[in-house]
Structure formats: C-alpha cells, structure tokens
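**Q** sequence unknown, structure follows:
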C-alpha cells in the first residue's frame, strides 16, 4: 500500500525509521541496542526485587529509588517493541492509534521520572538539612502521596497530547524520523494548524 503523499484525516499507519544512511548495518547496531535494553530491564528489575525483599531497605530513599526504577522499566518497555522491530526485523509500520498510545506512555513515564527525581532531591535536602526530623517529615503516607502525585502529574499533563493530534488532518509524508513515536515528530506530519500543539508542548 502506498502511504506517502496521500491525504487522510488520520493516516492508517505511520512509518518508523532507523538510523538514516546506516540501513545496511542496522542488524549489527541492534545487537548492542538489545544488550542495553536487557541491561536496563534487568538492572531496574533487580533493584525493585532487592528493595521489595529486603526489609532493611524499606526507607524513604529506597522507596524513591524503586519508583525511579519502575518508571525506567516502563519507559524501556514503551520504546522497546518498535525500536527492536525496526532494527531487527525491518518492520517499520505502526498503526496510528498505537503510535499515539506509545507516544502517550513515553511522555508520561518521562514526566513521572522528572517528578520522582524532584522528590528524591527533596528527600536528600531533608536528610541533610534536618536529619533529626527526617522520619517525621517523610512518613510512608507522604512518600505514597508524592509517588501518586508524580503519577497523576504525568498522566494529566500528557493526556491532551494524543487528543490534540487526533483533531488534525495529515497530508504530508507519513515517515517519522525516529524508531518510536514522539510528539514533535508526529506533530510535524500534520497539515492543519498546530499552534495549540506547539504551545502546549512548549508549556
């Protein structure tokens, strides 16, 4: 099916790309890429397992570390399927709504990660500046509240991205410049007014 230079309100599929100019060696690039993904998944899963099973690590700083590891696992799993399908199988097509869903999860986990890093900085600030009140300030309920706030912030801030993209017509090439769906990348393919998308993305 020819997907290029046809007008759709929403294209049926989009085309992902690997590394331009290195298509012939993409299979070799995929080997270290696979290893890095496996290390990221294994390392973060190990951190989660150790913190869960070791009662001596049930402290605020380790709870935040486990939240960070969980978001890293989510981020890796959000990008892993399409990246490996492009590099290993040269399967470049992704259905439009799957692309929007992947984009939502990538941006949501990234937003959650930044919020958790902020919470970790606050944890260290309290530990250094007010060590005697550390356990009083960072109670289990506060830590859970900060984790839920990070998750809520990520979801609420990123829900508008796919909604804003779904309202646009697409009439340009449907070739993305990454091997995963990324908001600015998908937005550039639209031929309608994208001012609202730009302002929201910048905000």
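**A** Okay, I see it. A quick note: this is a predicted structure, and the numbers were derived from the prediction, not measured.

**Q** how about the nearest residue to residue 85, chain neighbours excluded?
**A** Nearest residue to residue 85, sequence neighbours excluded (CB to CB, 6 or more residues apart in numbering): residue 91, at 4.3 Å. C-betas here are computed from N, CA, C, even on glycine.

**Q** what's stretch 173-187 in contact with?
**A** Residues outside stretch 173-187 that contact it (CB atoms under 8 Å, 6 or more residues apart in numbering): 3-5, 11, 13-18, 78-79, 82-83, 86-87, 94, 99-100, 102-103, 106-107, 161, 165, 168, 189, 194, 197-198, 201.

**Q** what about the most far-flung residue of the chain relative to its centre, is that helix, strand or coil?
**A** Here the chain reaches farthest from its C-alpha mean at residue 132, the gap being 37.0 Å by CA atoms, centre = their mean. At residue 132 the chain is in helix, as set by DSSP: H, G, I helix; E, B strand; the rest coil.

**Q** show me the contacts for it.
**A** Contacts of residue 132 by CB under 8 Å, 6+ apart: none found.

**Q** distance of it from residue 140?
**A** From residue 132 across to residue 140, the span is 19 Å (CB to CB, to the nearest Å).

**Q** gap between the two ends of stretch 171-182?
**A** Terminal residues of stretch 171-182 lie 18 Å apart, using CA to CA, to the nearest Å.

**Q** on that earlier part again, now go through the contacts of stretch 173-187 and say which are in strands.
**A** 13-15, 94 (DSSP state E).

**Q** chain center to the host helix or strand of residue 37: distance?
**A** Using DSSP states H and E, residue 37 sits in helix 26-53. Offset of helix 26-53 from its chain centre (CA atoms, centre = their mean, to the nearest Å): 16 Å.

**Q** so where's this protein shaky on pLDDT?
**A** 1-9, 21-23, 172 (pLDDT under 70).
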